[in-house]
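*Asks:* would you be able to build a 3D model of this:
(2 chains)
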Protein chains: 2
Amino acid sequence: MTSNQLDLIGDSHLKSLVVSAKEAASWIKNGMTLGLSGFTRAGDAKAVPFALVDRAKSESLKVNIYTGASLGSNVDKAMAEAGMVHKRIPFQADSIMRKKINDGQMLFVDQHLSHMAESIRANVLNKIDYAIVEAISISDDGLIIPTTSIGNSSIFVEKADRIIIELNTAQPRELKGVHDIYEPGEHGERKPIFLTRVEDRIGKTGIPYDINRVAGIVFTHQEDSPSTIAPPDNETALMANHLLSFLRQEVAAGRLTKKLAPLQSGIGTVANAVLYGLMNSEFTDLEIYSEVLQDAVFDLLDTGKVRFASGCSITLSEAKMKKVYSSFQLYKDRIVLRPQEISNHPEIIRRLGLIAINTALEADIYGNVNSTHVRGTHMMNGIGGSGDFARNARLAIFVTKSIAKNGHVSSIVPFVSHVDHTEHDVDVLVTEYGYADLRGLSPIERVHLIVENCAHPMYRKPLRDYFNEAVMNGGHTPHILEKALSWHVHYEKNGTMVQSQNLAKTK
Amino acid sequence: MTSNQLDLIGDSHLKSLVVSAKEAASWIKNGMTLGLSGFTRAGDAKAVPFALVDRAKSESLKVNIYTGASLGSNVDKAMAEAGMVHKRIPFQADSIMRKKINDGQMLFVDQHLSHMAESIRANVLNKIDYAIVEAISISDDGLIIPTTSIGNSSIFVEKADRIIIELNTAQPRELKGVHDIYEPGEHGERKPIFLTRVEDRIGKTGIPYDINRVAGIVFTHQEDSPSTIAPPDNETALMANHLLSFLRQEVAAGRLTKKLAPLQSGIGTVANAVLYGLMNSEFTDLEIYSEVLQDAVFDLLDTGKVRFASGCSITLSEAKMKKVYSSFQLYKDRIVLRPQEISNHPEIIRRLGLIAINTALEADIYGNVNSTHVRGTHMMNGIGGSGDFARNARLAIFVTKSIAKNGHVSSIVPFVSHVDHTEHDVDVLVTEYGYADLRGLSPIERVHLIVENCAHPMYRKPLRDYFNEAVMNGGHTPHILEKALSWHVHYEKNGTMVQSQNLAKTK
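*Replies:* Numbers count the residues shown, from 1 in each chain, chains lettered A, B, ... in the order given. Below is the predicted model of the structure:
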């Protein structure tokens, strides 16, 4: 390391703790629990995990991995391939890790992102042996300055037995000052969280830490993985337009103004398209209170459409990363990064009255949403923050393309194969065909809107047929239980949900 | 009316508005929306609804009925029988109304109890034409003093075009001072809610109102319906014991003290049994932050086990009602009644770190809970506040007897027929056989605990068989979709979930 690098460490005792990633990884014992920084491919610990992966190739090593959300830099992939993860909490989005989870080779707890810090604080989960968190520097006044995400890093640092800091010199130092670390404290002693506007800073600019628990400092020089979010296509652009039509209806009804309300949007292509849809809209002076600040958010900041954006991580494409960090002074006073416990906190979500936009895998004719399980059994990524937001937001909007697998899968089904968001929490459903505003409607009233506005035309008649048959049996939420999951079963057997009228009738 | 009665009305203009229930009911037009006071049989408007029922016998009259929760005094029954309800929100618990809902003769929106005031404030639901709220008096300083519940009365009075007040001289005047009415205000202008201890008073002792919108005042003299909660039986007592064992484990692990944490318990026999279970326990200095203050809460106040109880209504048996109100000075400074938006507010629930105890109809082997729909289709009562509490509490506990219908129904099933509480929100499941602590466990890890600790012994092998077959198909949450709902289907066809091994294996 160079003396320039050592300048990133304020304290002289800490300077003596600089080690290699390999050495730091050697301290970790089989069966331990690690708390890694990282949230949606941003700000992940990069070096020590890979050194652990190396170790796992030649020895029996299994650890529990707690994170903010998904990790980038192929960390999740490499750890999964190495078979070194016993249990992962609370989210992942890697194809190899997903396969290991679904094959029963590793355990996964799919937890609301705002709940994890509470679980750790309450000693419900395993004690964390090592927090391994990425930082841009360690300040003289005793704070670890995180990089491009905060996630659960502050609670990991607070509660872990030992702390390893990865000082990543490739991460932009301009980020210093963007973070706002707030700790709600123990139950029974809590005060209100004094955050009443998206831009409010309520905490410290870095993570307080106990110097005696710092085990080592590792220097790294590696940029975050670029985001993999696809640009809008025809269908996602249509969905964005329908969503804007809905928001216009809300303005026309006097329920919103052109400034809308603080926006949360899940990660992914559709959410990105929605944000881009705002670009050329009449909406203005927008505010973001979300998890991930992705490309579109910075474009919206550029054009002035968005006045302020609060998030938990910054996850950008390669080109956008270069642009943003080479002119970071344009953004620095207009963004803030918070721990995921605060970005997703029910108290704040309810108080600010967010408009929450999240992605569904499938929805049923009554408005129940599956966000996580392919055909009810196989984990995709996890519920993430969608439950934190949907339950507590002013408006809980779910978006999905009406079909998948070239039309062989309908995203609107008689009965969802797994429920992450109940009928009580789904206000508006949007597909490329239109939107269904479900607020204030009984289950039977919702069916027509969902089927006729949101389902793909090829699946509308079968959905109507199902409902018309079900309603003969009576009930507040009519179903034919023998057939409720028959579309999924048909897909499993035949590779398609399309079935002849006969097949549909016989079961 | 007597001059004594008129003393209950401070303002002389208001005194001129006294009318009969029949006259007040005559103002209500077909198609209107009414906001009625009342929460779990307490504090319901009693006279005007019955006068409306009389009208509905001889003319075509349909109205939307918004309430706090369920009404007593046979109001729900009479309105349902008269066929005068077009749409009901957000909860009901009457057998006749339930039948009408399930027969498709009236619409019902099953809404989180804390969400209704938000829906009204945001003009998402119909404009309320008349708020009809029960009161013990109207104070000189411009407040309507409610009776035994608050429910949604304050938001109804704030937002309704016109207000009708039922002054019920049979309700105990001693209640004055017990209410704490707080209005969070519009989104975008909200401050934190400064409630950090269960006993904090943050609002007014009555409901502020616009005198120009008061249409009429009706005198009534009728006590609340007594509660219908059965005393603990063997099984509910066992469940209470298991729940206490779980709480003891938490104390032993250092996660709770003997003061536990503020308790919420749903209405009903099991919750009541759990509260009685605390009576002879070592737990002490308890606090209640709940919806309904039922018999057991006052017994616990009597013995000093509970130091303070916050609720939204007081719902008592006949004997307890007499006792409590004849010695109300013993309780007055140790209870507070709040609007249901505050008793169930996510901000407060999360801040205080509640232990939430609610009832499940059925749960599946992975911990998803159905609280509302019998066999997935027929509405029982509604989700009530259970979603407000379970999502945001420190501990979300669900209780259910392991079987129903003399053993022909297992409350633990392979796949719940409706989901109100997802696997993400269910911490602990309790039956008369034991408890399953599901925190920090992956779906597959939960199965063994739920089946072996909670299911009825007669259903354990079939549940194991289902899981063992399902797990062969892989997946994070293994299922055999063809058989997932087969237990419910079997019950529908044969009146029992008990099936021969052969039946279970075929189809």
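*Asks:* residues of the stretch 251-400 of chain A that sit close to chain B?
*Replies:* Neighbours of chain B within the stretch 251-400 of chain A, by C-beta under 8 Å from any C-beta of the partner chain: A:253-255, A:261, A:345-347, A:350-353, A:368, A:373, A:375-379, A:383, A:387, A:391-392, A:394. Every C-beta, even on glycine, is put in place using the N, C-alpha and C of the backbone.
*Asks:* give me the buried entries from those residues.
*Replies:* By neighbour count, with 16 or more other C-beta atoms under 10 Å in any protein chain shown, those hold A:261, A:345-347, A:350-353, A:368, A:373, A:375-379, A:383, A:387, A:391-392, A:394 as buried.
*Asks:* which ones among those residues map onto strands?
*Replies:* Mapping those onto strands (DSSP state E) picks out A:373, A:378, A:379.
*Asks:* quick one: contacts for the second one?
*Replies:* Contact partners of residue A:378, counting by C-beta atoms under 8 Å, 6 or more residues apart in numbering or on different chains, are A:98, A:102, B:474, B:475, B:476.
*Asks:* one more time with 6 Å
*Replies:* A:102, B:475 (C-beta atoms under 6 Å, 6 or more residues apart in numbering or on different chains).
*Asks:* cool, the first one as well?
*Replies:* Contacts were defined as C-beta under 6 Å, 6+ apart; by that measure residue A:373 touches A:418, B:477.
*Asks:* what pairs with it across the strands?
*Replies:* residue A:379 (DSSP bridges).
*Asks:* tell me the residues of the stretch 1-150 of chain A that contact chain B?
*Replies:* With C-beta under 6 Å from any C-beta of the partner chain as the criterion, the stretch 1-150 of chain A comes near chain B at residues A:101, A:102, A:103, A:107, A:108, A:109, A:112, A:122, A:123, A:124, A:125.
*Asks:* gap between the first one and residue B:477?
*Replies:* Spelled out, that is residue A:101. For residue A:101, the distance to residue B:477 equals 10 Å [C-beta to C-beta, to the nearest Å].
*Asks:* ok, and what's touching stretch A:21-33?
*Replies:* A:47-48, A:51-52, A:55, A:61, A:63-64, A:126, A:128-129, A:164, A:216, A:218.
*Asks:* could you check how far the residue nearest the centre of chain A is from residue A:106?
*Replies:* Closest to where the C-alpha atoms of chain A average out (C-alpha atoms, centre = their mean) is residue A:384, at 4.5 Å. Per C-beta to C-beta, residue A:384 is found 19 Å from residue A:106.
*Asks:* ok, now residue A:289?
*Replies:* Distance from residue A:289 to residue A:106, by C-beta to C-beta: 33 Å.
*Asks:* and residue A:24, by the same measure?
*Replies:* Counting by C-beta to C-beta, the gap from residue A:24 to residue A:106 is 23 Å.
*Asks:* repeat for residue A:76
*Replies:* For residue A:76, the distance to residue A:106 - C-beta to C-beta - is 11 Å.
*Asks:* of these two, which one has the most company?
*Replies:* residue A:76 (28 against 23; other C-beta atoms under 10 Å in any protein chain shown).
*Asks:* ok, the more buried one - contacts?
*Replies:* A:92, A:94, A:97.
*Asks:* next: residue A:66.
*Replies:* A:35, A:89 are the contacts of residue A:66 under C-beta under 6 Å, 6+ apart.
*Asks:* one more time with 7 Å, if that's ok
*Replies:* Counting by C-beta atoms under 7 Å, 6 or more residues apart in numbering or on different chains, residue A:66 makes contact with A:33, A:34, A:35, A:89, A:128, A:152.
*Asks:* try residue A:335
*Replies:* Counted by C-beta under 7 Å, 6+ apart, residue A:335 has contacts A:178, A:293, A:309.
*Asks:* next, format these as TSV and append secondary structure.
*Replies:* Listed next are the contacts of residue A:335 as TSV, based on DSSP: H, G, I helix; E, B strand; the rest coil:
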residue	secondary structure
A:178	coil
A:293	strand
A:309	strand
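*Asks:* out of the residues you listed, which is most surrounded?
*Replies:* Busiest of these [other C-beta under 10 Å] is residue A:293, holding 28 neighbours.
*Asks:* does whichever residue of the stretch 1-150 of chain A sits closest to chain B have beta-bridge partners, and which?
*Replies:* Closest residue of the stretch 1-150 of chain A to chain B, C-beta to the nearest C-beta: residue A:107 (4.1 Å). In this structure, residue A:107 bridges to residue A:87 when assessed by DSSP bridges.
*Asks:* isn't it right up against residue B:442?
*Replies:* Yes. Under the criterion of C-beta atoms under 7 Å, residue A:107 makes contact with residue B:442 at 4.1 Å.
*Asks:* what touches both of these two?
*Replies:* Joint contacts of residue A:107 and residue B:442 (C-beta under 7 Å, 6+ apart) are residue A:87.
*Asks:* just the element for the nearest residue to residue A:18 once chain neighbours are set aside, please.
*Replies:* Distance criterion C-beta to C-beta, 6 or more residues apart in numbering or on different chains; nearest residue to residue A:18, sequence neighbours excluded, is residue A:217 at 4.9 Å. According to DSSP states H and E, residue A:217 maps onto strand A:214-220.
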